[in-house]
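A.B. asks: Okay, sequence plus prediction incoming.
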Amino acid sequence: MDAACARRWLGEVAARLAAERDFLTQLDAAIGDADHGVNMHRGFTAVMARVADLDEATPGQLLKVAGRTFVSTVGGAAGPLYGTAFLQAGDALGDAERFGPRLLAEALRAALEGVQRIGAAAVGDKTMVDAIAPALAAFELELRMGGSLETATCGAREAAAEGMRATIPLQARKGRASYLGPRSVGHQDPGATSSALMLAALADAVLADRSRRFAGGARRPGSGP
Ligand code: ADP
Ligand code: MG
């Protein structure tokens, strides 16, 4: 993965957030204050504008800019939580121009730790942690089993989607939804949904990167050296 792939990931997240903005807001209307889709879309629109202004940037720098932009443009719970996640992930990547699945796993772990340091949510509290933690576990398991960047990101995508769906029967114990007590049961958590969206976008960006590399490396028969 390199800076181009990181940019592709951010662009994919922005596109998906634009498409899912109203859905995320509907989810937040049921157990929150109906602003999650709007918050995320505003934040990522600002991120894309900032990132477009940066010509030369390492993947780590891109994520740190995304994190700072998110913190300054998104209020509520999601702004500082995702902002910290991006900042920590960017820090974990350091100055690397390109990186493989092991460093990406460290970045995901740093992101999760950042979210948990700020928000103190555990798995089962019905938050974004319910999507991110199983995604990281699936990613690391896949690597231990000899998997690649592609299979690990796909495993993370599936685990995040499962974790997102698993928030439906839970009662919220953190954030605004927890004020509803048992009335939060039966609704999918908006933050777990946006996290699953980001992990799906990551798998897409990595797979697109691979097919581009294959296409670029292919030679037509008889087309010379
Ligand atoms: P707000 O709740 O301030 O309106 P958003 O609607 O943008 O902020 O985000 C709500 C989401 O934030 C929730 O669905 C949940 O996933 C996540 N969230 C809230 N509190 C926490 C927390 N303490 N730790 C992790 N995630 C949290
Ligand atoms: Mg809200």
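C.D. replies: Okay, I see it. Since the structure is predicted, the reported quantities are computational estimates derived from the model, not experimental observations. Ligands and ions are numbered 1, 2, ... in the order given.
A.B. asks: how close does the spatially most central residue of the chain sit to Arg144?
C.D. replies: With the centre of the chain defined as its mean C-alpha position, the nearest residue by Cα atoms, centre = their mean is Met198, 3.3 Å away. Counting by Cβ to Cβ, to the nearest Å, the gap from Met198 to Arg144 is 23 Å. No exception for glycine: its C-beta is placed from N, CA and C like everyone else's.
A.B. asks: shaky segments in the chain?
C.D. replies: Applying pLDDT under 70 to the chain flags residues 216-225.
A.B. asks: If we use 90, what do you get?
C.D. replies: 55, 75-76, 209-225 (pLDDT under 90).
A.B. asks: Quick check: residues of it near ligand 1?
C.D. replies: Residues of the chain lying close to ligand 1 (Cβ under 6 Å from any ligand atom) are 28, 32-33, 35-36, 39, 76-78, 81, 115, 119-121, 127-129, 174-176, 189-192.
A.B. asks: Let's see the ChimeraX selection covering just the buried ones among the residues you listed.
C.D. replies: What follows is the ChimeraX syntax selecting those of the residues of the chain next to ligand 1 that are buried according to 16 or more other Cβ atoms under 10 Å:
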select :28,32,35,36,39,76,77,78,81,115,119,121,127,128,129,174,175,176,189,190,191,192
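A.B. asks: quick one: the helices in the protein?
C.D. replies: Here the chain has its helices, by DSSP state H, at 3-31, 36-52, 59-73, 78-93, 101-119, 129-144, 149-165, 190-217.
A.B. asks: Tell me the spacing between Leu136 and ligand 1.
C.D. replies: Using Cβ to the nearest ligand atom, to the nearest Å, Leu136 is found at 14 Å from ligand 1.
A.B. asks: mind listing what the nearest residue to that residue once chain neighbours are set aside touches?
C.D. replies: The shortest distance from Leu136 to any non-neighbouring residue, by Cβ to Cβ, 6 or more residues apart in numbering, is to Leu108 (4.8 Å). By Cβ atoms under 8 Å, 6 or more residues apart in numbering, Leu108 lies in contact with 89, 132, 135-136, 139, 156.
A.B. asks: Also Asp204?
C.D. replies: Residues in contact with Asp204 (Cβ under 8 Å, 6+ apart) are 9, 12.
A.B. asks: ok, for the residue in the chain that ligand 2 sits nearest to, nearest residue in space, not its chain neighbours?
C.D. replies: Taking Cβ to the ion, ligand 2 has its nearest neighbour within the chain at Gly32, 3.8 Å off. Leaving aside its sequence neighbours, Gly32 sits nearest to Arg176 (Cβ to Cβ, 6+ apart; 4.6 Å).
A.B. asks: neighbours around the spatially closest residue to Glu97 that is not a sequence neighbour, how many?
C.D. replies: Spatially, and ignoring its direct neighbours in sequence, Glu97 is nearest to Thr58 (5.9 Å; Cβ to Cβ, 6+ apart). The tally of other residues near Thr58 (other Cβ atoms under 10 Å) stands at 19.
A.B. asks: Cheers, nothing more for now.
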